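**Q** Sequence plus the predicted model coming up.
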Amino acid sequence: MELDDLRGPSRLPGWTRGHVVTHVARNAEALGRLLTWARTGIETPMYPSVQAREADIEAGAGRPHREQLDDLRRTAAAFAESARTLPADHWAATVSTRHGPVQALWIPWARVRELWLHLVDLDAGVEIDAIPSDIASRLVRDVAASMDTRVVSRIMLHSQDSEPVSFGPETTAPVLVSGSVQHLAGWLTGRCTGDQLAAPAGLPSIPPWL
């Protein structure tokens with residue numbers, strides 16, 4: 001990929017690379033608002049609305065390369081500084097996302113997750129294998145937990161790189177899926193088809209990751 005080729009397609013349907021870069025910048029601001037909420041106790045949602053979030057991404061997607069990267073660096077630095085200076089006793093504060101309440105401690109992890117997955121989404125030469133094992137392991141646990149009540153069979157995930165993870169109803173026969181923790185994370189998040197995973201009974205159906 002040429003450095004200025006942000007108008008080319010990403011791996012996300014309907015999004016160019018410019019959409020992905022703009023989204024990552026806006027995500028830094030959105031998570032920064034949650035840090036402000038934790039700092040002040042004043043409710044500060046990530047986005048005014050779903051429509052506003054989508055409009056901001058669309059408006060920024062076609063900007064010149066340099067403007068996009070300047071935006072990305074500026075917002076990333078502002079988020080890092082806000083996290084660095086948050087008083088220790090404020091990390092236990094409760095804030096809310098569209099999926100429900102979380103502790104402020106969750107915010108840095110959400111940013112790490114966002115950066116790695118969207119780096120893959122750019123389709124610029126970085127594959128799912130590049131995600132460090134510890135990050136991929138936590139991603140597997142998080143996504144599996146979010147799908148626990150949304151799958152119809154018990155699913156057991158095995159990897160040499162991490163502890164086994166099981167989710168789904170315990171009243172059904174377990175379906176074993178094994179492979180690298182990176183490919184398990186990629187399959188759960190829709191970044192991989194699962195072709196590189198082993199599933200003696202066949203890959204089970206899983207819902208889209210919300």
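**A** Nice, thanks for sending it over.

**Q** Return the top helix by length along the chain as CSV; C-alpha atoms alone will do.
**A** In the chain, assigned by DSSP state H, the helix with the most residues is helix 17-40. Extracted as CSV, the C-alpha positions of helix 17-40 are listed here (Å, rounded to 0.1, in the frame of the first residue of the first chain):
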residue,chain,number,x,y,z
ARG,A,17,-8.7,2.8,4.6
GLY,A,18,-9.6,6.4,5.2
HIS,A,19,-12.7,5.4,7.0
VAL,A,20,-10.7,3.1,9.2
VAL,A,21,-8.1,5.7,10.1
THR,A,22,-10.7,8.3,10.8
HIS,A,23,-12.6,5.9,13.0
VAL,A,24,-9.5,5.1,15.0
ALA,A,25,-8.9,8.9,15.5
ARG,A,26,-12.5,9.5,16.6
ASN,A,27,-12.4,6.4,18.9
ALA,A,28,-9.5,8.0,20.7
GLU,A,29,-11.6,11.1,21.3
ALA,A,30,-14.6,8.9,22.3
LEU,A,31,-12.7,6.9,24.9
GLY,A,32,-11.1,10.2,26.1
ARG,A,33,-14.7,11.4,26.9
LEU,A,34,-15.1,8.3,29.1
LEU,A,35,-11.9,9.2,30.9
THR,A,36,-13.3,12.7,31.4
TRP,A,37,-16.4,11.1,32.8
ALA,A,38,-14.3,9.1,35.2
ARG,A,39,-12.3,12.1,36.2
THR,A,40,-15.2,14.5,36.8
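
**Q** Show me which positions of the helix or strand following that helix end up buried.
**A** Sequence-wise, the next helix or strand beyond helix 17-40 is helix 50-60, with elements assigned using DSSP states H and E. Applying a neighbour-count criterion of 16 or more other CB atoms under 10 Å, one finds 53, 56-57, 60 buried in helix 50-60. Just so you know, the C-beta spots here come from the backbone N, C-alpha and C atoms, and that holds for glycine as well.

**Q** Next: stretch 116-129.
**A** Along stretch 116-129, the positions that meet the burial threshold by neighbour count (16+ other CB under 10 Å) are 116-122, 124, 128.

**Q** Using CSV, lay out the residues you listed together with pLDDT, distance to Arg17 and secondary structure.
**A** Below are the buried residues of stretch 116-129 laid out as CSV (pLDDT from 0 to 100; distance: CB to CB, whole Å; DSSP: H, G, I helix; E, B strand; the rest coil):
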residue, pLDDT, distance to Arg17, secondary structure
Trp116, 98, 16, helix
Leu117, 98, 14, helix
His118, 98, 10, helix
Leu119, 97, 11, helix
Val120, 97, 12, helix
Asp121, 97, 9, helix
Leu122, 96, 5, coil
Ala124, 92, 7, coil
Ile128, 97, 17, helix
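
**Q** Quickly name whichever of the residues you listed is closest to Ala30.
**A** The shortest approach to Ala30 among the buried residues of stretch 116-129 belongs to His118, at 13.6 Å (CB to CB).

**Q** Surely that closest one and Arg17 touch.
**A** No. Here His118 does not reach Arg17: they are 9.9 Å apart, not a contact under CB atoms under 8 Å.

**Q** hmm, back to that, closest to Glu43 among the buried residues of helix 50-60?
**A** Distance to Glu43, by CB to CB, is smallest for Arg53 among the buried residues of helix 50-60, at 17.2 Å.
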